[in-house]
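>>> Build me a structure from this.
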Amino acid sequence: MTIASLLEPVTGQPGPAHLAHATDWMQGRTLYGGASALVAYTMAVRAFPGLPPLRAGQVAFVAPVGEAIELRAEIVRQGRNVTQLRSEIIAEGRVALSAFWLFGEGREANAVHPSAFPEDWPGPPEDNAEVTHQFAPAFVARNFELRHGQARGTDRGATVRRWARLTEAHDLDPVSKLVLMGDVMPPGAMRAMQRQGPISSINWSFNVLDPESRSRDGWYLAENASQHADAGYSSERLRLWDTEGRQVLDGLQCVAVFG
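Residues are numbered from 1 along each chain as shown. Below is the predicted model of the structure:
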């Protein structure tokens, strides 16, 4: 299993690690953002087992991540309910990814406000046509099945929305799957670009709304929407919904738009 093989060298012990199967998840010169974030998250939970559920993450994509890396993790603060933890990926002697994780025990709810059902709901994945991988990055073609999540011929603005699921059999826990899949769509700014050019994620902050999410057949509706794009950058909102229309991840990202 490719994702299990990718994570196998992440033992929780600080120091060098060799990601022998990184090739399956490369996006240009670097490991795909969701995969590199998952490596850092896996380092955190394996270094400090028994943590509460993940509630939020802040990930900085600093430099390319390849096969030869070093890993480290530390608890920044551990309170009665919340543990805050930092993990980092080092490449060529420098920080390539820095992540700050917030783990928190559940409590009796004092505020209840469910997220809204997504606008322009496309219907379940089986009611939507498959997406060909003609223009998709190699890591997407290898690892994900995609179906359309927006009606063709409509004004999609600066939003990219697709049904997505992993093609391989896997035993990922629910949060690990959300981390891996939360950044799978290209930025919505892609639809607003005047000419084709490279796009690169700089950071990614997200809240986990359901750490026990187990969407039917592994499908999630993934959306990247540009909130503002100018001067070579785009502010993007990233969201995931399950097959029942329940939002399970809410995020924000800064993207560099070249060309």
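>>> in the lengthiest helix in the chain, what counts as buried?
Longest helix in the chain, counting residues (DSSP state H): helix 33-47. Of all the residues in helix 33-47, those buried under the rule 16 or more other C-beta atoms under 10 Å are 33-47. The C-beta positions use only the backbone N, C-alpha and C, and glycine is treated the same way.
>>> ok, now stretch 186-206?
186-191, 193, 199-201, 204-206.
>>> Over to stretch 77-91?
For stretch 77-91, by 16+ other C-beta under 10 Å, it's 83, 85-91.
>>> same deal with stretch 130-141?
Quick answer for stretch 130-141 (16+ other C-beta under 10 Å): 131, 137, 139-140.
>>> and if you look at stretch 235-245?
Buried residues in stretch 235-245, counting neighbours by 16+ other C-beta under 10 Å, are found at 235-236, 238-243.
>>> Is it possible to get CSV of those residues that adds secondary structure?
Converted to CSV, the buried residues of stretch 235-245 look like this (DSSP: H, G, I helix; E, B strand; the rest coil):
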residue, secondary structure
S235, strand
E236, strand
L238, strand
R239, strand
L240, strand
W241, strand
D242, coil
T243, coil
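>>> and which of those residues is nearest to E70?
Nearest to E70 among those is L238, at 28.0 Å by C-beta to C-beta.
>>> That closest one touches W204, doesn't it?
Yes: the pair L238 / W204 is scored as a contact, 7.2 Å apart, by C-beta atoms under 8 Å.
>>> what do the two both touch?
182-183, 251-253 (C-beta atoms under 8 Å, 6 or more residues apart in numbering).
>>> what separates the residue of the chain most remote from its centre from H21, distance-wise?
Distance from the C-alpha centroid of the chain, by C-alpha atoms, centre = their mean, peaks at N110 (29.1 Å). Using C-beta to C-beta, to the nearest Å, we find N110 at a distance of 45 Å from H21.
>>> what do you get for E92?
20 Å.
>>> Sketch out the low-pLDDT regions of the stretch 51-200 of the chain for me.
Across the stretch 51-200 of the chain, the ranges flagged by pLDDT under 70 are 153.
>>> And the buried residues of stretch 130-141, which two are furthest apart?
The most widely separated members of the buried residues of stretch 130-141, counting by C-beta to C-beta, are V131 and F139 (14.8 Å).
>>> coming back round to it: ok, so of the buried residues of stretch 186-206, who is nearest P64?
Using C-beta to C-beta, S200 comes nearest to P64 of the buried residues of stretch 186-206, at 10.1 Å.
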